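**Student:** any chance you could fold what I've pasted below:
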Amino acid sequence: MTALLHAPEGTTMTPARSDTSSTQFFQLPHGQLAYDDQGSGPLIVALPGLGDLRQTYRFLTPLLVSAGYRVITLDPRGQGESSAVWPDFSPTANGDDLSAFIKHLDAGPAIALANSYSGGAAVWAAAQTPEQVAALVLIGAFVRDPHVSLPQRLMMWAALSGPWKVNGWLTYFATLFRGGTPADQTAYQKRLRANLQEPGRFAALQAMLRATRAPVEATLPQVNAPTLVLMGSLDPDFPDPRAEGQFIAGALHGQLAVLEGTGHYPQAEQPQRTASAVLDFLRAQR
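**Tutor:** Take a look at the predicted model:
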């Protein structure tokens, strides 16, 4: 497994932006998943959170590629350029997709890197198909159902159910950046808005918001993959990001790294610091 986790010595990180590679597709029985594939070396498959695009990794990807990794960013069901309509948007369904995708690549087990909602999918894949997942990197991940009060549920429903629902999501999305916003954030949100306005996209987002993570939480003890849990200290999606990170790292016998002054999207807010944490973790798996 060592060769699968760390890149050759002597590689350096060069900051850049990468969101223009050509889209490829992986066909599944109920639809297709969009992805891009860059670099060579140990395989990393990266998934965005719900209501986002795989281009959330546009700054992190080149840093990992320049460090000697092959990085595939994958749009989950309903998101980005993947098919919009599916019978199931649960973390377990997305996790099964991830396992099938890694098997399809036939490049050995992958490092599964996942943000937010997709963290549950990565954990599920690691538990169900350990031969496909060499390691986990979980960024601001949800692996259990959060406690949401009735007033909070009603506010969320009101914001995301009417004709203003796309605006409601984008307003909320913007509040999750606490460590600075990328220079291209206006253009990125315009791209995200256009995507969420496509038929079926917002229904997919709503289905993910309703989905339970209970099956994922139940499988936490089954995961044996080395795990890094990355949490932004200012992540507003969690009442106490550090405590949630400690819970996840403890359940998975992994390690926790808290990025001070960062919100829910460290890969876009602080890509250099995120890359350093990821690479330090992977190099330590020798």
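
**Student:** can you give me the pLDDT of residue 6?
**Tutor:** Note on residue 6: pLDDT of 61.

**Student:** now residue 119
**Tutor:** pLDDT at residue 119 comes out at 98.

**Student:** what packs against whichever strand or helix holds it?
**Tutor:** Here residue 119 sits within helix 118-128, counting by DSSP states H and E. Packing partners of helix 118-128 (3 or more CB pairs under 8 Å, 6 or more residues apart in numbering; DSSP states H and E): strand 43-47, helix 91-105, strand 110-115, strand 133-139, helix 214-219. C-beta here means a position set from N, CA and C on the backbone, and glycine is covered the same way.

**Student:** any stretches of the stretch 101-250 of the chain with poor pLDDT?
**Tutor:** 149-150 (pLDDT under 70).

**Student:** helices along that one, start to end?
**Tutor:** 118-128, 150-161, 165-175, 185-196, 201-210, 214-219, 241-251 (DSSP state H, counting those that start in this stretch).

**Student:** out of these, nearest to residue 227?
**Tutor:** Of all the helices of the stretch 101-250 of the chain, helix 241-251 sits nearest to residue 227, with 7.0 Å by CB to CB.

**Student:** CA-only coordinates of that closest one in CSV, if you can.
**Tutor:** The C-alpha coordinates for helix 241-251 follow below in CSV (Å, rounded to 0.1, in the frame of the first residue of the first chain):
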residue,chain,number,x,y,z
PRO,A,241,-15.9,21.9,14.2
ARG,A,242,-13.1,20.7,16.4
ALA,A,243,-15.4,18.4,18.4
GLU,A,244,-16.9,17.0,15.3
GLY,A,245,-13.5,16.3,13.9
GLN,A,246,-12.4,14.6,17.1
PHE,A,247,-15.5,12.4,16.9
ILE,A,248,-14.8,11.4,13.3
ALA,A,249,-11.1,10.9,13.8
GLY,A,250,-11.7,8.8,17.0
ALA,A,251,-14.3,6.6,15.3
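
**Student:** residues of stretch 253-272 that come out buried?
**Tutor:** 254-259, 262-271 (16 or more other CB atoms under 10 Å).

**Student:** same deal with stretch 85-93?
**Tutor:** 86, 89, 90, 91, 92, 93.

**Student:** start to end distance for that stretch?
**Tutor:** Length of stretch 85-93, first residue to last, CA to CA, to the nearest Å: 13 Å.

**Student:** over to stretch 171-184?
**Tutor:** End-to-end for stretch 171-184, by CA to CA: 17 Å.

**Student:** same question, stretch 55-66
**Tutor:** 17 Å.

**Student:** pull the distance from it to the chain's centre.
**Tutor:** 13 Å (CA atoms, centre = their mean, to the nearest Å).
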